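J.: Mind folding the following:
(chains A and B)
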2 protein chains.
Amino acid sequence: MKVIHYSDIPPISMVHPSVKNVAGRVMIGKEDGAANFCMRRFEIGADGFTPKHSHDWEHEVWVLEGQGEVFIEDQWHALKGGTAVFVPPNVEHQFRNTGDATFAFLCLVPSQAPEI
Amino acid sequence: MKVIHYSDIPPISMVHPSVKNVAGRVMIGKEDGAANFCMRRFEIGADGFTPKHSHDWEHEVWVLEGQGEVFIEDQWHALKGGTAVFVPPNVEHQFRNTGDATFAFLCLVPSQAPEI
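T.: As a prediction, this is how the structure comes out:
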């Protein structure tokens, strides 16, 4: 059992040439006994982006706040709070912040994926 | 691939003697090709509650808005936006609205669970 506010989990900065201004927190994962899937919360700062990449697991995303876009299947799609995104396995994708404020979203992955 | 705002999915009212003022929407599920887990968004109206029950699958919950509580392991825990809750399999639990406004949260379940 776990009840935790995201502000009580320190964010981990993603450091990689293909990433800019991104930090993530594992909200619920294997350490908590979650055997099937993992909940992470990501923040992208102004001008930031996640890598443009693909992998053999899916993403289930929920946009929390800010303005951003996701690239899937050769198109950018505008995102705002309350939008859900399903990225199937092996589909190239990228998230980016298109606003001035933080762009935040949940991204859940199955248990075979890295948690952060 | 799917990009959808929750307001574009009609809510389904939960009708059962053990439930009050609860509606849900499947945001991402098997129909979308999500083979491992399912994302639902639930709203509990004023004075509303979900059933007090248990089942052999887990919940991964993210509180979106409003004020509520979750009952787990014989205790009520206060919830607000930005709080995550992990309910392990076979643990009795219940959610209720303790405010005047709608209490809304995401609740994700593995694919063996009913989607709504």
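J.: Model confidence for A:Gln112, exactly?
T.: A:Gln112 carries a pLDDT value of 96.
J.: tell me the secondary structure for it?
T.: Here A:Gln112 is recorded as coil under DSSP: H, G, I helix; E, B strand; the rest coil.
J.: so is A:Gly48 in a helix, a strand, or just coil?
T.: Counting by three-state DSSP, the backbone at A:Gly48 sits in strand.
J.: just checking, it touches A:Lys20?
T.: Yes - if you go by C-beta atoms under 8 Å, A:Gly48 and A:Lys20 touch, sitting 4.7 Å apart. C-beta here means a position set from N, CA and C on the backbone, and glycine is covered the same way.
J.: more neighbours, those two?
T.: A count of neighbours by other C-beta atoms under 10 Å in any protein chain shown puts A:Gly48 above the other of A:Gly48 and A:Lys20, at 20 against 17.
J.: which parts of chain A sit against chain B?
T.: A:1-7, A:27-28, A:32-37, A:39, A:58, A:60, A:62, A:70, A:72-73, A:77, A:79-80, A:82-88, A:91, A:106, A:108, A:110 (C-beta under 8 Å from any C-beta of the partner chain).
J.: List only those of those residues flagged as buried.
T.: A:2-4, A:6, A:27-28, A:32, A:34, A:36-37, A:39, A:58, A:60, A:62, A:70, A:72, A:79, A:82-88, A:106, A:108, A:110 (16 or more other C-beta atoms under 10 Å in any protein chain shown).
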